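S.K.: Pasting a predicted model and its sequence here:
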Amino acid sequence: KLPSEDVLLQYILKETACEKTMKGKRVLVTAGPTVEAIDPVRYISNRSSGKTGYAIARAARRRGADVTLITGPVSIPAPSDVHVVHVNTALEMLQACEEAFPSADIALFSAAVADMRPAHAADHKLKKGAADADLGTITLVENPDILATIGAKKGPHQVVVGFAAETDNVIANAQAKLVKKNADVIVANRVGEGLAFGTDDNAVCFVDADEIDETPSMPKDKLADVILDHALEYLR
Ligand code: PMT
C-alpha cells in the first residue's frame, strides 16, 4: 500500500526543512544488540531494538552527513541513503568498526554489545539433562570492548560518543566509562523494566569531563537530534 499524499508531503517537508548542519561530516553509528551463538538454535543477547541507533543514523543523514550504520539484528527498517553494515556478533561488530572508524569524524556507539560470549558455539543442538550436560555448563568468555578499543585510537579531530546503560549509580558509572573508554561524552540512560530498551521514548544524561546535562523524556527521533547537537560541540 502506498503512503497517502499527506504522509509523503510531511516526509518531504521534514527531510528538506532540516538544516544541513552535518554536511561533509562522516558519521559512524552502532545500533541494536549483538547475538552470540550457543548452538545452531540458541544465543545470548539483550533487548536492544535498534530504535536509538537507527534514529541517530536517520537524523545525521537528514542533516547532510555521510552515514555508516553498523547494526546487530533488529526488526525495524534500515534508514534510506545510509551505508548499512549488518553484523551478528561483537567480534564482527568490532571488525566493522575498525574498518569504518579511521574515516569517521563522529562515532556514536549506541549498540548494546554482549559483554560475554560462549567460549565455543556447538555445531549441534545441545541437549538438557544428564545424558548431555553441555547445556547446563556453558563456559563464557569476555568479548572485547569495542568502544574502549576504538576510543584508544581516537585522533585529535575525531569525536567519540559512548553510551552507558545502567540500573544503578548512573552518573558515577558513566563518569568511569568516560575515562576508561576515552570517549568525549557518555550518553547515560537508566535501564530496567520499561526503560530505554525497546521503548519509543527515552531520557538521557550527557556526562563529560566538565558537566552533567539531563534531558526530559522524549521520542527517540527527537532525542537523536539532541544527541547530535551535543556531539557537534566536541568537533575541533
Ligand atoms: O536499541 P534501543 O531499544 O533503542 O535501546 C537503546 C539502548 C538502551 C541500547 C541505548 O540507549 C544504550 O544505552 N546503548 C548502550 C548499551 C550498552 O551496552 O551499555 P553498556 O553500559 O553496557 O556499555 C557502555 C558502552 O560501551 C556502550 O557505548 C557500548 O556500545 C560499549 N560497549 C560495551 C560492551 C562491549 N563489549 N563493547 C562496547 O563497545
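M.R.: Right, received. Where do you want to start? Everything quoted here is computed from the prediction, not taken from an experiment.

S.K.: CA atoms for contacts and neighbours, from now on please.
M.R.: OK.

S.K.: ok, R117 touching E142?
M.R.: Yes - R117 is within contact range of E142, at 6.4 Å (criterion: C-alpha atoms under 8 Å).

S.K.: Let me know the helix or strand that A174 is in.
M.R.: helix 170-180 (DSSP states H and E).

S.K.: and that helix with the ligand, contact?
M.R.: No - contact of helix 170-180 with the ligand is not found when judged by C-alpha under 6 Å from any ligand atom; the minimum separation is 6.9 Å.

S.K.: picking up where we left off before, and R117 and E142? which has more neighbours close in?
M.R.: With neighbours defined as other C-alpha atoms under 10 Å, R117 and E142 compare such that R117 has more, 24 against 11.

S.K.: ok, which stretches of the protein are helices?
M.R.: 5-17, 51-62, 90-100, 146-151, 170-180, 220-232 (DSSP state H).

S.K.: for the last one, which positions count as buried?
M.R.: For helix 220-232, the neighbour count (16 or more other C-alpha atoms under 10 Å) marks 220-221, 223-225, 227-228, 230-231 as buried.

S.K.: How about the residues of this structure by the ligand?
M.R.: Counting by C-alpha under 6 Å from any ligand atom, the chain comes close to the ligand at 32, 48-52, 109-115, 143-147, 162-165, 189, 196-199.

S.K.: Out of these, list just those in strands.
M.R.: Using DSSP state E, 109, 162-165, 189 are the members of the residues of the chain next to the ligand that sit in strands.
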